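Asker: no sequence on hand, only this structure:
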């Protein structure tokens, strides 16, 4: 029986997290997607996420196979949205999923969907009914995964300088039953 779960990352996990991030960068390059091709995310970005307690790893049968960061509050990158709008109040807080990646040897096993599902559950447990995520316009694989998890396209946001467009998605109205 396969056991898969999510846990908060530890600094000791950083080498494995960076290996997964580097594999994702290589995969995006192979797919001719310009996302993550200019350094970001670097080790200091991931170390800051781990230190802040916002990075999570997905473990399958004792092996770290995925990573993502779940930010809480208001994400500065999401304050301005073009060609659309966010659902809900402008000052509403939410979680945002960033820097999501699955290890190369585990692609094709729907683990990105599992990772996002776990982050949705965690968001609900933290008291958030609104979750946001973005991806590069050319990253069709991640767009598919995001939509498969019930997110709706909301518009275009911009990351970093110079401004790089990203498709923005929102999952809202998580209801506790």
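Answerer: Sure thing, it's come through. Computed from a prediction, not measured in an experiment: that's the story for all the values here.

Asker: just want to check the distance between the nearest residue to residue 160 once chain neighbours are set aside and residue 99.
Answerer: Sequence neighbours aside, residue 40 is the residue nearest to residue 160 in space, at 7.1 Å (criterion: C-beta to C-beta, 6 or more residues apart in numbering). All C-beta atoms are positioned from the backbone trio N, CA, C, and that covers glycine. The spacing between residue 40 and residue 99, counted by C-beta to C-beta, to the nearest Å, is 9 Å.

Asker: so between these two, which is more surrounded?
Answerer: Each of residue 40 and residue 99 has its neighbours counted (other C-beta atoms under 10 Å); residue 99 has more, 21 against 14.

Asker: find the helix or strand that that one is a member of.
Answerer: strand 94-102 (DSSP states H and E).

Asker: just the mean pLDDT for that strand, thanks.
Answerer: Averaged over strand 94-102, pLDDT sits at 97.

Asker: what's the answer for stretch 135-142, then?
Answerer: Mean predicted confidence for stretch 135-142 is 96.

Asker: quick one, the longest strand anywhere in the chain and strand 94-102 angle?
Answerer: Using DSSP state E to define each element, the chain has its longest strand at strand 63-73. Here the directions of strand 63-73 and strand 94-102 differ by 160 degrees (axes from the mean of the first three to the mean of the last three C-alpha atoms, to 10 degrees).

Asker: name the residues that touch strand 63-73?
Answerer: 4, 9, 13, 16-17, 20-21, 46, 49, 54-59, 93-103, 105-106, 111-112, 114-116, 119, 122-123, 126, 128 (C-beta atoms under 8 Å, 6 or more residues apart in numbering).

Asker: could you do stretch 36-56 as well?
Answerer: 6-11, 13-14, 17-18, 21, 24-25, 28-29, 67-72, 99, 118-119, 122, 160.

Asker: for it, which positions count as buried?
Answerer: 36, 41, 45-47, 49-50, 54-56 (16 or more other C-beta atoms under 10 Å).

Asker: cool, stretch 9-22 as well?
Answerer: 9, 13-14, 16-18, 20-21.

Asker: contacts for stretch 140-153 next, please.
Answerer: Against stretch 140-153 from outside (C-beta under 8 Å, 6+ apart): 31, 84, 100, 112-113, 116-117, 120, 131, 133, 135-136, 167-171.

Asker: next SSE downstream of the longest helix along the chain?
Answerer: Ranked by residue count, the top helix of the chain under DSSP state H comes out as helix 14-30. Using DSSP H and E, the helix or strand that follows helix 14-30 in sequence is helix 43-52.
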